[in-house]
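# pasting the structure only:
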């Protein structure tokens, strides 16, 4: 598991992060987010959240975790039709292709 709270965060943030992991919600959120990336190829985090009904901030936090675990990768940047800013797209990593990607 990646560090969910920064070393400079207050103790409450560290307690919340530990509870998220202990309760199994972190793993469940990762699994749901990975499933969304597999279903909705090449979407931005905001579009993924809208398409699935998941919380946008949760999705945006789990995607980098999944990338570090080699489960998804950050694709090309595009203008998000919802936010109208340039952001990255997200793609699944094919089973057996879990190598480091230089993007």
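Cool, the structure landed. Keep in mind it's a predicted model, so treat the numbers as computed, not measured. Numbering: from 1, shown residues only.

# How about the contacts made by the spatially most central residue of the chain?
With distances taken as Cα atoms, centre = their mean, residue 63 lies nearest the centre of the chain, 1.3 Å away. Contacts for residue 63 (Cβ atoms under 8 Å, 6 or more residues apart in numbering) come out as 33, 37, 45, 72, 74, 90. Every C-beta, even on glycine, is put in place using the N, C-alpha and C of the backbone.

# With residue 82 instead?
If a contact means Cβ under 8 Å, 6+ apart, then residue 82 has 44, 46, 47, 50 as its contacts.

# helix or strand for the last one, which one?
Yep, that's residue 50 we're talking about. Assigned by DSSP states H and E, residue 50 falls within helix 45-52.

# Tell me the helices and strands packed up against that helix.
Helices and strands touching helix 45-52, by 3 or more Cβ pairs under 8 Å, 6 or more residues apart in numbering; DSSP states H and E, are helix 25-39, helix 56-68, strand 86-92.

# in it, what's buried?
Within helix 45-52, the residues scored as buried using 16 or more other Cβ atoms under 10 Å are 45, 46, 47, 48, 49, 50, 52.

# Not counting its neighbours along the chain, what's nearest residue 17?
Among residues not flanking residue 17 along the chain, residue 4 sits closest, at 3.6 Å (Cβ to Cβ, 6 or more residues apart in numbering).

# Wait, that neighbour touches residue 29, no?
No: using Cβ atoms under 8 Å, residue 4 makes no contact with residue 29, being 10.9 Å away.

# who has more neighbours, these two?
Using other Cβ atoms under 10 Å as the criterion, residue 4 and residue 29 rank with residue 29 on top: 19 against 16.

# how about that one, what does it touch?
58, 62.

# distance of it from residue 77?
24 Å (Cβ to Cβ, to the nearest Å).
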